[in-house]
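Enquirer: what's the 3D shape of this:
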Amino acid sequence: MNKRKNLPPATFDEKHVVLDRGGRFSLNLPAGKEALDVFLVLDLYNLDRPAHPKGHLGWWRYELAKLPGRAGGNLLLESNGTLRPVIDGAVPFDEWRNPVWIDVPRMELLIVLRSAITNAILSIDRVPVTRSEDDLEAFRSGFDRNYRSPRYASQHYLMPSNRQVHIVAKQIHQRDAAGNLCLALYRMLRQQQVSTHLVADTFDMVFNDLIVRRETLASRVKANDVVIFFFSTYDDELEEIVKLQCASKVAYFHGVIPPKLLQVFDPELSALCAKALGQIALLWQFDCLVTNSGANAALLRDVVNRDRIGEIRVIPPKILPSEELVLRDCGPKPPPTTFLYVGRVKSHKRIEDILHLLAEYRLLDPSARCKVVGLADNPAYSDYLRWVQTRKLNLPEDAVIWLGSVNERELVEIYNEATVYLSMSEHEGFGLPLLEAMMHDLLVFAYDQPAVRETVEYAGVLFTDKSFDTLAGQLHHILESPETCRSILEAQRMRARDYLGKMDGRSFLELIAKPAARQV
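Expert: Predicted coordinates for the structure are as follows:
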């Protein structure tokens with residue numbers, strides 16, 4: 001996003017707009033000289049599919065210099081059933097309305113500042129719009145705001161009343177490993193009555209009442225505070241975070257995808273990953289450096305200073321409540337043989353290799369199928385996978401079930417029904433689905449990578465040669481032997497128990513208590 005120095009952002013006072021309440025909203029705007037050569041746009045989108053033009057209801061443009069620093073407005077329902085945002089006492093000088101009215105249960109209202117000279121975006125703020133209080137409650141229900149349950153590990157050091165914790169990331173999204181870790185840490189600290197803030201540039205709109213934008217971070221952080229920064233991609237504000245003056249700054253490194261694995265299908269992300277690798281040296285300027293695996297710790301050491309090996313802590317990228325720290329018997333797996341992949345549908349995950357293995361395995365067991373859980377946000381790679389399935393391998397439609405994004409309850413059911421967890425990924429920072437598979441008694445069959453080997457150890461089945469016909473025969477032989485399966489699954493359960501003991505959240509509590517210990 002392009003920014004103009006000394007220009008405050010335009011923001012909403014509200015965290016939501018409800019039409020049944022009158023659709024009222026209020027704005028904080030730059031005024032006076034700051035507003036010159038800037039115009040304001042109110043955008044209205046379908047919240048669930050905010051894409052132009054099909055999800056774009058319309059935009060209304062105002063001259064910012066003609067608006068006061070504080071302004072109110074309403075979303076008005078017109079006689080023809082359409083909605084129109086109106087700022088009190090102001091008239092837009094330009095507008096566009098979608099000729100096809102989009103009747104959706106929930107929308108998002110955006111306030112955007114743009115340069116009148118270049119049309120560059122200078123700031124954006126947005127709020128969800130629902131028709132009723134019940135719709136708003138349903139929208140927020142995906143993340144329980146009752147922090148008393150489920151119960152997490154107890155805190156053994158009481159934080160000073162003037163200490164705040166700022167959990168900072170470039171983006172925070174549900175059903176993303178890094179985002180889920182931020183949210184679980186936030187919930188645990190709120191449960192411990194620690195004053196905690198979530199801070200991000202981009203995030204799911206369902207969290208706009210909990211997450212504050214990063215442009216406000218510097219003004220929020222005080223001398224006795226703790227900042228925990230989660231790094232997984234290039235961050236244009238990293239140098240500013242390094243300069244923050246506070247009791248302690250912790251960097252948690254999730255790992256960066258090697259750019260060469262993304263060059264074909266996602267060149268823009270590849271370029272960002274290359275830039276992210278160039279930022280790793282900055283992480284050593286934090287007071288404490290943490291990562292999710294020994295493999296990533298080795299990367300951090302290689303970049304800067306091998307002499308500081310002991311200064312990197314390894315903490316698994318998941319925090320579990322007490323009730324989930326005990327393995328449960330998942331029972332027998334129902335037929336047919338079901339392969340499973342969970343994670344991002346990205347080219348470095350090599351989903352096409354999973355399809356190739358499935359095709360070879362179906363020559364031995366025609367009823368075998370594969371479920372793929374995860375969002376496919378790259379159309380080129382998605383199209384390629386469909387071509388591999390239908391044209392190259394002639395796999396039937398029902399042989400591969402593309403499930404997309406699912407909630408936690410649905411994911412547990414999917415794990416419980418699957419037989420084998422397949423990983424053909426050529427890069428992992430930790431491999432959280434591998435651990436989840438071991439917890440749910442799926443036989444893990446995975447391409448050998450440093451972080452994969454570290455997570456699975458010698459419990460699952462690892463391989464280095466992607467000869468699909470040979471792999472299919474070996475996997476079929478294992479599954480046809482109940483004794484072999486039991487032996488592997490028991491080893492996996494032992495490995496999962498080892499990890500569960502490290503996932504109660506105490507390691508994160510120790511990170512936050514550390515600044516106080518130094519001051520004693």
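Enquirer: What separation do you get for the closest residue to residue 106 other than its chain neighbours and residue 242?
Expert: Among residues not flanking residue 106 along the chain, residue 47 sits closest, at 4.5 Å (C-beta to C-beta, 6 or more residues apart in numbering). Placement of C-beta: from N, CA and C, glycine included. Here residue 47 is placed at a distance of 35 Å from residue 242 (C-beta to C-beta, to the nearest Å).
Enquirer: between those two, which one's more packed in?
Expert: With neighbours defined as other C-beta atoms under 10 Å, residue 47 and residue 242 compare such that residue 47 has more, 20 against 15.
Enquirer: in terms of contact, does that one touch residue 128 like I think?
Expert: Yes. At 5.9 Å, residue 47 and residue 128 qualify as touching, with contact defined as C-beta atoms under 8 Å.
Enquirer: Overlap of the contact sets of these two?
Expert: 106, 107, 108, 205 (C-beta atoms under 8 Å, 6 or more residues apart in numbering).
Enquirer: Turn the residues you listed into JSON lines, including distance to residue 221 and neighbour count.
Expert: Converted to JSON lines, the shared contacts of residue 47 and residue 128 look like this (distance: C-beta to C-beta, whole Å; neighbours: other C-beta atoms under 10 Å):
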{"residue": "106", "distance to residue 221": "33", "neighbour count": "18"}
{"residue": "107", "distance to residue 221": "34", "neighbour count": "25"}
{"residue": "108", "distance to residue 221": "29", "neighbour count": "21"}
{"residue": "205", "distance to residue 221": "25", "neighbour count": "17"}
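Enquirer: Quick one: list the elements packing against the longest helix belonging to the chain.
Expert: Across the chain, the longest stretch assigned as helix under DSSP state H is helix 482-500. Counting contacts by 3 or more C-beta pairs under 8 Å, 6 or more residues apart in numbering; DSSP states H and E, helix 482-500 packs against helix 432-439, strand 443-447, helix 450-456, helix 468-479.
Enquirer: Present the ones you listed as JSON lines; the columns should include mean neighbour count, distance to residue 176 and mean pLDDT.
Expert: Listed next are the helices and strands packed on helix 482-500 as JSON lines, based on neighbours: other C-beta atoms under 10 Å; distance: least, C-beta to C-beta, whole Å; pLDDT from 0 to 100:
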{"stretch": "helix 432-439", "mean neighbour count": "24", "distance to residue 176": "11", "mean pLDDT": "96"}
{"stretch": "strand 443-447", "mean neighbour count": "23", "distance to residue 176": "21", "mean pLDDT": "98"}
{"stretch": "helix 450-456", "mean neighbour count": "21", "distance to residue 176": "17", "mean pLDDT": "95"}
{"stretch": "helix 468-479", "mean neighbour count": "17", "distance to residue 176": "29", "mean pLDDT": "98"}
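Enquirer: So which of these is nearest residue 496?
Expert: Across these, residue 496 has its closest neighbour in helix 432-439 (4.3 Å, C-beta to C-beta).
Enquirer: so how far is that closest one off the chain centroid?
Expert: 18 Å (C-alpha atoms, centre = their mean, to the nearest Å).
Enquirer: just stretch 179-194 next, same as before
Expert: Per C-alpha atoms, centre = their mean, the centroid offset for stretch 179-194 relative to its chain is 15 Å.
Enquirer: Check which residues of that stretch are buried.
Expert: 179-192, 194 (16 or more other C-beta atoms under 10 Å).
Enquirer: which residues are contacting that stretch?
Expert: For stretch 179-194, contacts defined as C-beta under 8 Å, 6+ apart pick out 143, 147-148, 151-155, 159, 163, 165, 167, 169, 171-174, 196, 198, 200, 203, 207, 210, 228, 230, 252, 317-320, 505, 508-509, 512.
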